[in-house]
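Peer 1: Return atomic coordinates for the entry below.
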Amino acid sequence: MVRIKERYLLVKILYPNELGSRPDLPDVVVINQPTTDQLNSAALLRGIRAEVTNLFGDYGSGAIEGGNLGVKYFSHATSTFILRISRSSYRLVWTALTFMNSIPIKNGKPCVFRVVHVSGTMRKVEEEAIRRARDLIFTAQNDQKEKTDDPLSNMFRKSERSQPDVAMADLLSVEDDDSDVEMGEIVDD
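Peer 2: Below you'll find the model as predicted:
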């Protein structure tokens, strides 16, 4: 029996154009605002497929067809979704997400699709989504207490709480559970 190898991408939708528009809210909350209810899984998949076709043509379109691209989880409140894709073509989808610059609906807001975690199992991606949501809450609470007038210093300073430090850079970092050897890549030590 052959095991189909898949990758799960944890993707965060960020709104950097909204930075500084709401002085009453911490910047981390403004950037990570909820997504419109008009966006659903089907519209998201159509937008991703269109971008892959735009970037990679027939090759990219054929690589992601055949039922190997799907949205496993989508949250409007946290602007987070999990994509399932075959291991051989997950980089095409990642690239397409990087080039997408607005919500794929009519008159969609400008945004950034940020792949924050890649894994071979759904369980690891779910755990990472929960960890990031918890860290985002702690960061927003600390930013509300210590808000300054400079949005860049708010974005890049480390929080000062007793738990492990969480900075905006950590919330935006990418983690990959896959070992380089498994993926056939050469590792330079």
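Peer 1: Now do Ser162, the pLDDT please.
Peer 2: Ser162 carries a pLDDT value of 41.
Peer 1: and what of Met1?
Peer 2: 73.
Peer 1: how many other residues sit next to it?
Peer 2: Neighbourhood size, Met1 [other Cβ atoms under 10 Å]: 2. In short, each C-beta sits where N, CA and C put it, glycine included.
Peer 1: same check, this time on Gln38
Peer 2: Around Gln38 there are 12 residues (other Cβ under 10 Å).
Peer 1: roughly how far apart are it and Tyr8?
Peer 2: 25 Å (Cβ to Cβ, to the nearest Å).
Peer 1: low-scoring stretches of the chain, by residue?
Peer 2: The model of the chain has pLDDT under 70 over residues 144, 146-189.
Peer 1: Apply 50 and report the result again.
Peer 2: With pLDDT under 50 as the threshold, the chain has low-confidence stretches at 159-166, 179-189.
Peer 1: So which residues of this structure form strands?
Peer 2: 6-14, 70-75, 80-86, 112-119, 175-176 (DSSP state E).
Peer 1: Pull out the buried positions in the third one.
Peer 2: It stands for strand 80-86. 80-86 (16 or more other Cβ atoms under 10 Å).
Peer 1: Which of those sits closest to Ser119?
Peer 2: Nearest to Ser119 among the buried residues of strand 80-86, counting by Cβ to Cβ, is Ile82 at 9.5 Å.
Peer 1: For Leu55, see how far away that closest one is.
Peer 2: Applying Cβ to Cβ to Ile82 and Leu55 gives a distance of 22 Å.
Peer 1: likewise Asn40?
Peer 2: 23 Å.
Peer 1: Likewise for Arg7?
Peer 2: Taking Cβ to Cβ, one finds Arg7 at 18 Å from Leu55.
Peer 1: So for the two, which sits in the more crowded spot?
Peer 2: Arg7 (24 against 14).
Peer 1: I figured the more buried one hits His117, correct?
Peer 2: No. The pair Arg7 / His117 is not scored as a contact, 10.4 Å apart, by Cβ atoms under 8 Å.
Peer 1: Pull the number of nearby residues for Leu19.
Peer 2: Neighbour tally, Leu19, other Cβ under 10 Å: 16.
Peer 1: Ala96 too?
Peer 2: 22.
Peer 1: what's the answer for Asn101, then?
Peer 2: Using other Cβ under 10 Å: Asn101 sits among 12 other residues.
Peer 1: The one 3 residues further on too?
Peer 2: Counted by other Cβ under 10 Å, the residues lying close to Pro104 total 18.
Peer 1: who touches it in this structure?
Peer 2: The neighbourhood of Pro104, defined by Cβ atoms under 8 Å, 6 or more residues apart in numbering, consists of 39, 43-44, 46-48, 50.
Peer 1: The chain: helices as residue ranges?
Peer 2: Under the criterion DSSP state H, the chain contains helices at 27-31, 41-64, 90-99, 122-145, 151-156, 168-171.
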